[in-house]
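Student: Requesting a structural model of the entry that follows:
(2 chains)
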Amino acid sequence: TQLLEQSPQFLSIQEGENLTVYCNSSSVFSSLQWYRQEPGEGPVLLVTVVTGGEVKKLKRLTFQFGDARKDSSLHITAAQPGDTGLYLCAGISSNTGKLIFGQGTTLQVKP
Amino acid sequence: DAGITQSPRYKITETGRQVTLMCHQTWSHSYMFWYRQDLGHGLRLIYYSAAADITDKGEVPDGYVVSRSKTENFPLTLESATRSQTSVYFCASSSRRSTEAFFGQGTRLTVV
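Tutor: Residues are numbered from 1 along each chain as shown, chains lettered A, B, ... in the order given. A predicted model of the protein is given here:
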């Protein structure tokens, strides 16, 4: 069974601080995705990383895929209250196409 | 309107009843997924489908049945609802592996 462990599960920080969310697995995935979910809505894709060692930037968000394609991280620089939400990593199985999610990280950024 | 829609948005049912949650997408995406979301568990995969007439189990399939006779529809049936199946259910679709999954608005199901 492929599992994704996300940490931390909850994070409450002040505006302007930096943070990193981790997504780890013992399995290799063909790609990893990061989603953000607002209350009452479905998750929305932020980024997909495919190549081991890949780094992608989306404004103040930096995503990295581990060299072995088993882990990923999301780093937010100078967090803002608008970054508040649930962040989910998801792995795609290369042979089945299954899309498996981690438990999610609830981020609260206080003004 | 193009997109992925779930119905109903809210449902209350009694223990032991059969209930079906509907999911319809207008993009002709090959892949469709059903998840349940509970506090502390993120999204857990119930069933998924790679194409019409092809379905497979996810992480938590017990007590659920799916079918996919048409590409655009992927209904999820709870054969005999239990209180532990109280949850928010999300349907999603994607065109192929490694591409973005688009989610519906979710169905909040309460089993009393």
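
Student: near chain B, which residues of chain A?
Tutor: A:1, A:6, A:9, A:30-31, A:33, A:40-45, A:48, A:50, A:88, A:90, A:92, A:94, A:96-104 (C-beta under 8 Å from any C-beta of the partner chain). The way it works is simple: take the backbone N, C-alpha and C, and place the C-beta from them, glycine included.

Student: Tell me who's in contact with the one residue in chain A that gets nearest to chain B.
Tutor: Nearest residue of chain A to chain B (C-beta to the nearest C-beta) works out as A:Gly42 at 2.8 Å. Counting by C-beta atoms under 8 Å, 6 or more residues apart in numbering or on different chains, A:Gly42 touches B:Phe90, B:Ala92, B:Phe102, B:Phe103, B:Gly104, B:Gln105, B:Gly106.

Student: will you turn these into TSV that also has secondary structure, pLDDT and distance to chain A?
Tutor: TSV is the format used below for the contacts of A:Gly42 (DSSP: H, G, I helix; E, B strand; the rest coil; pLDDT from 0 to 100; distance: C-beta to the nearest C-beta, whole Å):
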residue	secondary structure	pLDDT	distance to chain A
B:Phe90	strand	98	5
B:Ala92	strand	97	7
B:Phe102	strand	95	8
B:Phe103	strand	96	3
B:Gly104	coil	96	6
B:Gln105	coil	95	6
B:Gly106	coil	96	6
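
Student: Which of the residues of chain A next to chain B are buried, as a PyMOL select command?
Tutor: Provided next is the PyMOL selection string for whichever of the residues of chain A next to chain B are buried by 16 or more other C-beta atoms under 10 Å in any protein chain shown:
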select buried, chain A and resi 6+31+33+42+43+45+48+88+90+92+97+98+99+100+101+102+103+104
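
Student: Just the ones of the residues of chain A next to chain B in strands?
Tutor: Residues of the residues of chain A next to chain B located in strands (DSSP state E): A:Gln6, A:Ser31, A:Gln33, A:Val44, A:Leu45, A:Thr48, A:Leu88, A:Ala90, A:Ile92, A:Leu99, A:Ile100, A:Phe101.

Student: Was I right to think the last one contacts B:Leu43?
Tutor: Yes: contact status for A:Phe101 versus B:Leu43: in contact at 4.0 Å, counting by C-beta atoms under 8 Å.
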